[in-house]
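Student: the following block contains a protein sequence and its predicted model.
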Amino acid sequence: MASKINAPQVVIIGGGIIGLYSAYYLQQKGHKVSIIERTGGADGCSFGNAGMIVPSHFIPLAVPGMIEKGIRWMFNSESPFYVKPRLNWDLISWGLKFQKAANQKQVDKAIPALRDISLFAKKLYQDFAKEENNDFSFEEKGLMMLCKTAHTFEEEAEVAQTANKIGIEARVLDVKTLHEMEPEVKPDVAGAVYYPGDAHLYPNLLVKKLKDLLAQKGVTFMYNTEVTSFETENGKIKSLKTDNGATLATDELIIATGSWSPLLAKQLNINLPMQAGKGYSTTLDQPKGKKLNIPSILLEARVAITPMGENQIRFGGTMEIGGINQDINMNRVRGIIKAVPEFFPDYPISVPPQSKVWSGLRPCSPDGLPYIGRTNKYKNLIIASGHAMMGLSLAPGTGKLVQEIVDNEKTSIDISLYKPERYD
Ligand SMILES: Cc1cc2nc3c(=O)[nH]c(=O)nc-3n(C[C@H](O)[C@H](O)[C@H](O)COP(=O)(O)OP(=O)(O)OC[C@H]3O[C@@H](n4cnc5c(N)ncnc54)[C@H](O)[C@@H]3O)c2cc1C
C-alpha cells in the first residue's frame, strides 16, 4: 500500500515478535515505520519459544494457591519454577502485586480479557497464514494437556468445563482415545484434556518471514542499536537517543522491548512492574517411528512439546524469576528432559549439550495481563509488552491493536484491562 500522506513517523523499539507484528499492521495502513533493535536481531524471547498459539491459556499465572506451590518448587533445583531470592525492591513489589492478583475475583476478571485477545490473535494468524503463503509451519492440530496423576486430571477436567462455558472448546479424553490420537508414542498418563482450537508454528521461521516481508515493504531496521534515552517536550516524546550517538525524531513511539521494557519506562517515570521469567528449550530431530504429532503440555512438569515443521520437535519449560540474565542452568534443562520419559516411556531422549540449549526471558506482568495502550503521561507513547508465556500467541492481536491505537480507531476488542499505567 502507498505511504499515507502526512503519515506520522512511527518508531518501534524492540525487534521481537510484538515489535514485528506492530510494524506489519502499521505498514499495511501506510505508516512510515522504523524498528530499533539492541541486538543483531536473534537474541530476544521470540525465537526459541514453544511456538504454541493457545486460546486454551485463558487462566493467568497468578491464581489462588500459586504462591504456595511456587515456594515448594523453589527447593528443587530441577523444578519448573524458581524465584532467585534477592533483596531487590522491584522484585518484592512485583511479588506483592502478584499476590494481590492471585484471588478468584481478579482471575474472573482476567479470564475474558485473555480469551478475547487470544481468539482475536488466532483469527489474525489464520488470515496471515492464508495471505502470506504459510511457510512458517502454522498448523491447527490443537493442544493436549497431559495429566500424569488422577488428581491433576480431575483438576484439568474442571478447567475444561470452564473453557467450554466461555466458548473455548475442550474435550476430556480417556487413555484409549489419546493413544489413538498419538499412535507412535503412547503416553503413560491418567488422562488428558484436548483443546482442538489451539495451533502451533515454527517461531524462528515466522520471525524470519516477518523481517523479510517488512524489509521488502520499506520498513527500516536499525540493528545493534540500543535506545538509551528520550527527549520530551509538552507531554510528548520528541526524539530518542541511541548508544551509537544518533538522535531520532519520532511522531509516535512504541515500546515493545519485552523484559527490558521497565528499564525504558522508568526513564520516562512510568511504573511498569515486570519480571523476566527465564525459560529454556532444545530442538531435536523427531526419532524414526516415534513421531509425536500433536503439541502437548506435560502438566505436572510444566513442559511444552511442539512438533515443528516436517521433522523437528522442540521441548521447552521452566520459569526462573532471576533478573535479566540468559545464563543456562543445566539442572533445570535436565528437569525438562527427565519429565519426557515419565509421560512417554518409549520416547528416546537424553539431555542435550549446553550448546543445543536456548534460553529466553518472558516479560511477566504481575497480574498475567499484557500492557497494551497509549500512556497518559506522553500523548505519543504506546506500550506493547508484558505478554509473559503468551507473547507469540498474542502477537498479531497486539500488533493490530497497536495500529488501531496509533490511528485513533475503535479497537477491535476492549483494551481497558491492559492499561500500561494500571499500577501508577
Ligand atoms: C521456553 C519458552 C517457551 C515459550 N513458549 C511460548 C509459546 O508456546 N507460545 C507463546 O505465545 N509464547 C511463548 N513464550 C513466550 C514468548 O516467547 C514471549 O512472550 C515473546 O517472545 C515476547 O516477545 P516480545 O517481542 O515482547 O519480546 P522479545 O522477543 O524479547 O523482544 C524484545 C526485543 O527488544 C530488544 N530491546 C530491549 N531493550 C532495547 C533497547 N533499549 N533498545 C533497542 N532494543 C531493545 C531486545 O533485544 C529484544 O530483541 C515462551 C517463552 C519461553 C522462554
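Tutor: Received, thanks. Numbers count the residues shown, from 1 in each chain.

Student: next up, the contacts around Gly48.
Tutor: Shown in contact with Gly48 (CB atoms under 8 Å, 6 or more residues apart in numbering): 203-204, 281, 283, 314, 316, 358-360. The C-beta positions use only the backbone N, C-alpha and C, and glycine is treated the same way.

Student: out of those, which touch the ligand?
Tutor: Residues of these in contact with the ligand (CB under 6 Å from any ligand atom): 281, 316, 360.

Student: so what's the last one bridging to?
Tutor: Which is Gly360. Beta bridges link Gly360 to Gly279 when assigned by DSSP bridges.

Student: that one is in contact with Gly277, isn't it?
Tutor: No - with contacts counted by CB atoms under 8 Å, Gly360 stays clear of Gly277, the gap being 9.3 Å.

Student: list the buried residues of the worst-scoring helix or strand of the chain on mean pLDDT.
Tutor: When the helices and strands of the chain are compared on mean pLDDT, DSSP states H and E, helix 66-73 comes out lowest with a mean of 76. Buried residues in helix 66-73, defined by neighbour count with 16 or more other CB atoms under 10 Å: 66, 70, 73.

Student: got any ranges where the stretch 51-200 of the chain has weak pLDDT?
Tutor: Within the stretch 51-200 of the chain, no stretch has pLDDT under 70.

Student: and it, which of its residues are near the ligand?
Tutor: Within the stretch 51-200 of the chain, the residues that sit near the ligand (CB under 6 Å from any ligand atom) are 51-52.

Student: with adjacent residues omitted, what lies nearest to the residue in the stretch 51-200 of the chain that the ligand sits nearest to?
Tutor: When scored by CB to the nearest ligand atom, the stretch 51-200 of the chain has Met52 as its residue closest to the ligand, at 3.3 Å. Excluding the flanking residues, the one nearest Met52 by CB to CB, 6 or more residues apart in numbering is His200, at 5.1 Å.

Student: dihedrals phi and psi, the one you found?
Tutor: Dihedral angles of His200 (phi, psi; degrees, to the nearest 10) stand at phi -150, psi 170.

Student: quick check: bridge partners of it?
Tutor: Bridge pairing for His200 - DSSP bridges - gives Met52, Glu139.

Student: pull the contacting residues for Arg422.
Tutor: Neighbours of Arg422 in contact, by CB under 8 Å, 6+ apart: Tyr371.

Student: are we agreed that it is in a strand?
Tutor: No - applying DSSP: H, G, I helix; E, B strand; the rest coil, one finds Arg422 to be coil, outside a strand.

Student: if we can go back for a sec, what helices or strands is the least confident helix or strand of the chain leaning on?
Tutor: The helices and strands touching helix 66-73, judged by 3 or more CB pairs under 8 Å, 6 or more residues apart in numbering; DSSP states H and E, are strand 81-83.

Student: skip ahead from the strand it packs on and say which helix or strand is next.
Tutor: For strand 81-83, the succeeding helix or strand toward the C-terminus, using DSSP states H and E, is helix 89-101.

Student: next, the angle helix 89-101 makes with the following helix or strand past that next one.
Tutor: On the C-terminal side of helix 89-101, the closest following helix or strand by DSSP H and E is helix 104-131. Orientation check (axes from the mean of the first three to the mean of the last three CA atoms, to 10 degrees): helix 104-131 against helix 89-101 gives 100 degrees.

Student: mind listing what's buried in helix 104-131?
Tutor: Residues of helix 104-131 classed as buried: 106-107, 110-111, 113-122, 124-126, 128-129 (neighbour count, 16+ other CB under 10 Å).

Student: with stretch 132-145 instead?
Tutor: Residues 134, 136-139, 142-145 are the ones in stretch 132-145 that count as buried (16+ other CB under 10 Å).

Student: relative to Gly15, which of the residues you listed is nearest.
Tutor: Closest approach to Gly15 among the buried residues of stretch 132-145 (CB to CB): Phe136, at 16.7 Å.

Student: isn't that closest one up against Leu205?
Tutor: Yes - taking contacts as CB under 8 Å, Phe136 lies within contact range of Leu205: 3.9 Å.

Student: who in the stretch 301-424 of the chain is up against the ligand?
Tutor: Counting by CB under 6 Å from any ligand atom, the residues of the stretch 301-424 of the chain that sit close to the ligand are 304, 316, 360, 362-363, 385, 387-393.

Student: what is the most widely separated pair among these?
Tutor: Top of the distance list for these (CB to CB): Ala304 and Ser385, 21.8 Å.

Student: give me the more crowded residue out of these two.
Tutor: Set side by side, Ala304 and Ser385 show more neighbours around Ser385, with 30 against 24, by other CB atoms under 10 Å.

Student: and that one, what are its bridge partners?
Tutor: Beta-bridge pairing for Ser385 (DSSP bridges): Tyr371.

Student: can you pull out the strands in the stretch 251-400 of the chain?
Tutor: Using DSSP state E, counting those that start in this stretch, the strands of the stretch 251-400 of the chain run over 252-255, 275-285, 296-298, 303-308, 312-321, 357-364, 371-374, 381-385.

Student: all good on my end, thank you.
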